[in-house]
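Asks: Sequence and predicted structure below; questions after.
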Amino acid sequence: MAAAAATGSIALELTQSLRYVLRLADTALIHAQRLAEWCGHGPVLEEDIALTNLALDLLGQARALLTHAAALHGGGLDEDSLAFLRSEHEFFNLTLVEQPLRKASAHAPGGDFADTVLRNFLLATWFKAVWLGLSTSTDAELRGIAVKAVKEARYHQQHAGDWVVRLGDGTAESSGRLKAALARAWPYTAEMFVCDAVDTAAQLCGLGPARDTLRPPWLNEVTEVFTLALLVVPADTPFISTGTTGRHSEHMGFILAEMQVLQRQFPGGRW
Amino acid sequence: MSASALEVAETTAREAAAWAALAQVLDPEVPVLSVCDLGLVRGVHALAQGVEVVLTPTYSGCPATEVIALAVEQALLAAGLGPVTVIQRREPAWTSDWISEQGRSRLREYGIAPPSGAAAMDAAQRIGIRARNVVCPRCNSSQTERLSAFGSTACKALHRCLACREPFEHFKPI
């Protein structure tokens, strides 16, 4: 911690396995951070509580993964130094989760409750497939985290799926907004299924599934709920976002600034 | 009795005393259930000096995990069984199937519908978009509906009884 305090950010020695674990940890962490922005602002009390409970589960999963990543890396890192003292290009989350949820932007999804509902559903369904794949990992710690998290993801999917159907099969207003949210979010889903060297290495050594293998089960379950919600699965677009390689959208710096400010300003601060 | 038999008896007595002390440690979020009722204590081992307790977290993000570990340590210290080592073990993952029969009836009396069935056994199982009917802990009617998959804590869902019109929480099977 003393060295980190002197230099501001930590620098990582990245192996393929570490990148693989950090991609999952960061996706859970940043998704949790975005959802936590709803705290006290939910459209109804029950939903306010549901969104923050969902964020809490994700934060717990992120903590377990970051702790494991810190153990893989060694050198005295822990969950806190990884969350609060890494700079933007060393975060490897899916670009989708860093997009604004409560504040609209001309070029980014967000701003409508339908965006939150839809993002939660797309991601919970993805995470469920990820955890299921990791439940047979050769890494015992990852296996332990996954076996618990898959059951939590089921509830996230159920809750978000409830809302997708409610809005999609609701009024002209609600279904129109959900369709607009889907058009905004869909291009970012391509990154969920990219298979690169990190994925291939993880698949080869039995660490966890390559992302491209997640697409068939994901699409099956998404299509099932979309049918109930009177939504049509959109066509693929050529756009592929690159958060998992450390190249982020313009929103990432801002969310990190908010998340990290306390530890950056008061290094090692505790309460 | 031989020396080793005495040792075994002493170890067993200390472990029994530890279990008795743990039965008094209540969950901070559902303060009618002990950590033993919940199935959070996975093992108690008497060491040459003090005891070692193995705990398992319920939910990944459960904010009570750290409070429970502290309460467990304090209860064992108060019972004169220290020094205490608390170990958190994630695998095998906690399931609501581990809640004892006593725990289930305490939940019901407290107004929370206990987790139904052994849903936890198949981790990959889909949860239908429509909820199964949960029996109302107040009037025992099964004419109920789910309002939200998340209640006051992550481990509970919010339901409503259509017979007595009262809202209630359901400890989710996980």
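Replies: Received it, and whenever you're ready, just let me know what you need. Numbering: from 1, shown residues only, chains lettered A, B, ... in the order given.

Asks: Show me which helix runs longest in chain B.
Replies: Scanning chain B for the longest helix, with DSSP state H as the assignment, gives helix B:3-22.

Asks: What residues of that one count as buried?
Replies: Across helix B:3-22, burial judged by 16 or more other Cβ atoms under 10 Å in any protein chain shown covers B:14-15, B:17-18, B:21-22. Where you see a C-beta, it was placed from the backbone N, CA and C, and this is true even at glycine.

Asks: now do stretch B:137-146
Replies: Within stretch B:137-146, the residues that count as buried by 16+ other Cβ under 10 Å are B:137-138, B:144, B:146.

Asks: can you give me the end-to-end distance of that stretch?
Replies: 14 Å (Cα to Cα, to the nearest Å).

Asks: before we move on, what about stretch A:98-115?
Replies: Its first and final residues considered, stretch A:98-115 spans 13 Å by Cα to Cα.

Asks: wait, A:Leu77 sits on A:Ile10?
Replies: Yes. Contact criterion Cβ atoms under 8 Å: A:Leu77 and A:Ile10 qualify, at 6.9 Å.

Asks: Now the common contact residues for the two.
Replies: With contacts defined as Cβ atoms under 8 Å, 6 or more residues apart in numbering or on different chains, no residue is shared by A:Leu77 and A:Ile10.

Asks: okay but A:Glu47 is in contact with B:Ser148, surely?
Replies: Yes. The criterion here is Cβ under 8 Å, and A:Glu47 meets it with B:Ser148 at 7.3 Å.

Asks: residues from chain A in reach of chain B?
Replies: A:46-47, A:49-50, A:53-54, A:56-61, A:63-64, A:132, A:135, A:140-141, A:143-145, A:147-152, A:154-155, A:157-159, A:161-162, A:165, A:221, A:225, A:228 (Cβ under 8 Å from any Cβ of the partner chain).

Asks: So which of those belong to helices?
Replies: If you go by DSSP H, those have A:46-47, A:49-50, A:53-54, A:56-61, A:63-64, A:132, A:140-141, A:143-145, A:147-152, A:154-155, A:157-159, A:161-162, A:165, A:221, A:225, A:228 in helices.

Asks: what bits of chain B have low per-residue confidence?
Replies: B:1, B:117-132 (pLDDT under 70).

Asks: Helices of that one, start to end?
Replies: Counting by DSSP H, the helices of chain B are B:3-22, B:65-78, B:101-110.

Asks: now swap in the stretch 101-250 of chain A and tell me
Replies: For the stretch 101-250 of chain A, the helices defined by DSSP state H, counting those that start in this stretch cover A:113-134, A:140-168, A:172-185, A:197-205, A:215-228.

Asks: Let me have these in CSV, adding mean neighbour count and mean pLDDT as columns.
Replies: What follows is the helices of the stretch 101-250 of chain A, written out as CSV (neighbours: other Cβ atoms under 10 Å in any protein chain shown; pLDDT from 0 to 100):
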stretch, mean neighbour count, mean pLDDT
helix A:113-134, 24, 97
helix A:140-168, 23, 93
helix A:172-185, 17, 95
helix A:197-205, 17, 97
helix A:215-228, 16, 96
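
Asks: want to try JSON lines for those, with distance to B:Val84 as columns?
Replies: Listed next are the helices of the stretch 101-250 of chain A as JSON lines, based on distance: least, Cβ to Cβ, whole Å:
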{"stretch": "helix A:113-134", "distance to B:Val84": "33"}
{"stretch": "helix A:140-168", "distance to B:Val84": "23"}
{"stretch": "helix A:172-185", "distance to B:Val84": "49"}
{"stretch": "helix A:197-205", "distance to B:Val84": "38"}
{"stretch": "helix A:215-228", "distance to B:Val84": "44"}
